[in-house]
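Colleague: how would this look folded up:
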Amino acid sequence: MNHPASPIFSAPVYDNPQQALTAAAALPLVIYGYPLIETLRTCRLQTSVQAATGYGRAPVNVLSASTRQWTHEDRDIVTPANDLLYFCGWIDLSDGPVTLQVPPLSDPDRYYVVELLDAHTNNFENLGPRNVPAEGAAVKLVGPGQQAGAGRAVACPTSLVWLIGRVLVQGEQDLPAAHAFEQGFRLDAPAIGRQPQCVRLWRETGDAALDFFHNLFQALREFPPSPEEHGLLTLLRRLGIRLEDEVDIAALRPAVQAGLVSAYRQGMDLIEAHTRSQGRKSWGYSLKLGVYGDDWLMRATTAMKGLGALRADEAVYAMADFDADGQPLTGAGTYELRFPAGHLPPAQAFWSVSLYGEDRFFTANAIGRYAIGDRTPGLRYEDDGSLAIAISHARPASIDNWLPAPAGPFYLILRLYHPSPAFIAGQYVIPPVRRIA
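Modeller: Reported below is the predicted structural model:
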């Protein structure tokens, strides 16, 4: 991630050793658990409905398909793409496997991907034209400890699976066909799904820190750390916090509660700081997104700035919030992103540049444009074959290549779907964003 670095933190001050010990014990748990909490918060938001909506919400084990591309009005998930139709589903595998029916792909140029994430935001599988036959398939999603049986199966690390489907829209005239295709995806479940217990018992009292730990302790009882990660909880056990018991936050000693609050604040500051570049390069990206291993901090920063990110073999997300001179991007300036002839982003499926406000969502603009890419209608190339994208808050004389910006700070994301091997190998340099006025 690539945002301006925060100031150096001041050292926390503790009233007593027990508060200091609690903060030291709980800080790694904040970093580890933040993605899990973001997953469950989103699950609660999207599944607390009685029927599927047209904007991504539906009961558990039911898919919901959007009827249009997402805009500034869609705010369930940060940094969405505007090139795609999304269909979403939260899948409960606690009662047995669930089968995903993938429809036939009648248009060989239709890009799609079905992303599967576990409760900790790890992108453990992607289904698309590269591994699903054109005639479609039935794919069984199998929870921990379950038997797959006959047919194609995907082993899922947690009993809660977040499915995010993406279908490319190739212009406004393609919208009906793209929507018809996404509606062909279906879940066949053995029973009506239910929210995880920790979601049903979700607490929001207005105390962000103590609510975080209440929800996290509940969540870790259902989605516990792996055996290799149990060291996270060792010091907390000395303070009387044992996940095998019901943890009553209100009954903890005041010093322990104060330590948890301190750990939460430090953890949020630390995650936020690491979404911001310590240098001022124009573009930054990581090839580790989606598959984090033991890099909990990378997983947490991604959950904060790009929840639901695909792993790099499917898509790469390059982020820019500085211009070529190392200055933050702002609507007070006028910028140009120029791709020389023969130097367009090397994506085997498609690419686009999207613009977001500092709240991490699209911003409203006069022409309803949120991204520019290789399928943008009316895009104008220079005589030498180069492509110059104009980025500004003020409307330019020609809007063919204009990406509108808000009046204040903003950042860009360049997405490359099916990035070329040359890009993965580091043989392509993204041109910097240059301020021209």
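
Colleague: Tell me how many other residues crowd residue 407.
Modeller: 12 (other CB atoms under 10 Å). For glycine as for every other residue, the C-beta is placed from the backbone atoms N, C-alpha and C.

Colleague: and if you look at the one 3 residues further on?
Modeller: Using other CB under 10 Å, residue 410 has 23 neighbouring residues.

Colleague: Just the terminal-to-terminal distance for stretch 84-100.
Modeller: The first and last residues of stretch 84-100 sit 20 Å apart, counting by CA to CA, to the nearest Å.

Colleague: For that stretch, list every residue counted as buried.
Modeller: Buried residues in stretch 84-100, counted by 16 or more other CB atoms under 10 Å: 84-95, 97-100.

Colleague: Strands of the stretch 101-250 of the chain, start to end?
Modeller: Using DSSP state E, counting those that start in this stretch, the strands assigned to the stretch 101-250 of the chain run over residues 112-117, 123-127, 137-142, 153-155, 160-168, 186-188.

Colleague: Relative to residue 45, which of those strands is closest?
Modeller: Among the strands of the stretch 101-250 of the chain, the nearest to residue 45 by CB to CB is strand 160-168 (12.0 Å).

Colleague: Could you work out the most separated pair of the buried residues of stretch 84-100?
Modeller: With distance counted by CB to CB, no two of the buried residues of stretch 84-100 lie farther apart than 84 and 95, which are 31.1 Å apart.

Colleague: name the helices or strands packed onto the lowest-mean-pLDDT helix or strand in the chain?
Modeller: Lowest mean confidence among the helices and strands of the chain (mean pLDDT, DSSP states H and E): helix 234-238, at a mean of 90. Using 3 or more CB pairs under 8 Å, 6 or more residues apart in numbering; DSSP states H and E as the contact criterion, the neighbours of helix 234-238 among helices and strands are helix 17-47.

Colleague: Summarise which helices and strands the helix it packs on is packed against.
Modeller: Contacts of helix 17-47 with other secondary structure elements, assessed using 3+ CB pairs under 8 Å, 6+ apart, are made with strand 84-92, strand 160-168, helix 197-200, helix 208-222, helix 234-238, helix 254-273, helix 296-306.

Colleague: hang on, the earlier thing: just tell me which of the strands of the stretch 101-250 of the chain ends up closest to residue 286.
Modeller: With CB to CB as the measure, strand 123-127 is the member of those nearest residue 286 (13.1 Å).

Colleague: what mean pLDDT does the closest one have?
Modeller: The average pLDDT for strand 123-127 rounds to 98.

Colleague: Strand partners (parallel or antiparallel) of it?
Modeller: Paired strands of strand 123-127, with direction, are strand 112-117 (antiparallel) (DSSP bridges).

Colleague: got the angle for the strand it pairs with vs helix 17-47?
Modeller: Compare the direction of strand 112-117 with that of helix 17-47 by axes from the mean of the first three to the mean of the last three CA atoms, to 10 degrees and you get 150 degrees.

Colleague: what's the spacing between strand 112-117 and its chain's center?
Modeller: For strand 112-117, the distance from its own C-alpha centre to the chain's C-alpha centre is 12 Å (CA atoms, centre = their mean, to the nearest Å).

Colleague: which residues sit against that strand?
Modeller: Among residues not part of strand 112-117, those counted as contacts by CB atoms under 8 Å, 6 or more residues apart in numbering are 39, 100, 102, 105, 123-129, 141, 154, 156, 161-168, 181-182, 185, 308, 310, 314-315, 417.

Colleague: and if you look at stretch 50-62?
Modeller: By CB under 8 Å, 6+ apart, the residues outside stretch 50-62 that reach it are 45-47, 49, 63-68, 74, 76-77, 86-92, 98, 187, 189, 191-195.

Colleague: That stretch spans what distance, first to last residue?
Modeller: As for stretch 50-62, its first-to-last residue distance stands at 10 Å under the measure CA to CA.

Colleague: Show me what counts as buried in that stretch.
Modeller: Applying a neighbour-count criterion of 16+ other CB under 10 Å, one finds 52, 55, 56, 57, 58, 59, 60, 61, 62 buried in stretch 50-62.

Colleague: Compute the distance between residue 275 and residue 295, please.
Modeller: Separation of residue 275 from residue 295 (CB to CB, to the nearest Å): 14 Å.

Colleague: So the two - more neighbours on which side?
Modeller: Comparing residue 275 with residue 295 by neighbour count (other CB under 10 Å), the higher total belongs to residue 275, at 18 against 13.

Colleague: Which of the three states applies to the more buried one?
Modeller: Residue 275 falls in the coil class when you classify it by DSSP: H, G, I helix; E, B strand; the rest coil.

Colleague: and it, how far is that from residue 250?
Modeller: In this structure, residue 275 lies at 32 Å from residue 250, with CB to CB as the measure.

Colleague: same check, this time on residue 305
Modeller: Distance of residue 305 to residue 250, given as CB to CB: 33 Å.

Colleague: The two: which has the busier surroundings?
Modeller: When residue 305 is set against residue 250 and neighbours are counted by other CB under 10 Å, the residue ahead is residue 305, at 24 against 7.

Colleague: you'd agree that one is up against residue 78?
Modeller: Yes. Counting by CB atoms under 8 Å, residue 305 does reach residue 78; the two are 6.7 Å apart.

Colleague: which residues of the stretch 251-400 of the chain score low on pLDDT?
Modeller: Counting by pLDDT under 70, the low-confidence segments of the stretch 251-400 of the chain come to 277-278.

Colleague: Swap in 80 and give it another go.
Modeller: Along the stretch 251-400 of the chain, segments meeting pLDDT under 80 span 276-279.

Colleague: just the stretch 1-150 of the chain next, same as before
Modeller: When the per-residue scores of the stretch 1-150 of the chain are filtered using pLDDT under 80, the ranges that remain are 1-11, 54-55, 77-78.

Colleague: Just give the nearest non-adjacent residue to residue 437, would you?
Modeller: Using CB to CB, 6 or more residues apart in numbering and skipping the chain neighbours, the partner closest in space to residue 437 is residue 334 (3.9 Å).

Colleague: buried residues in stretch 282-292?
Modeller: For stretch 282-292, a neighbour-count test (16+ other CB under 10 Å) marks 282, 283, 284, 285, 286, 289, 290, 292 as buried.

Colleague: Any idea how far apart the tips of it sit?
Modeller: Across stretch 282-292, the terminal residues are separated by 24 Å (CA to CA).
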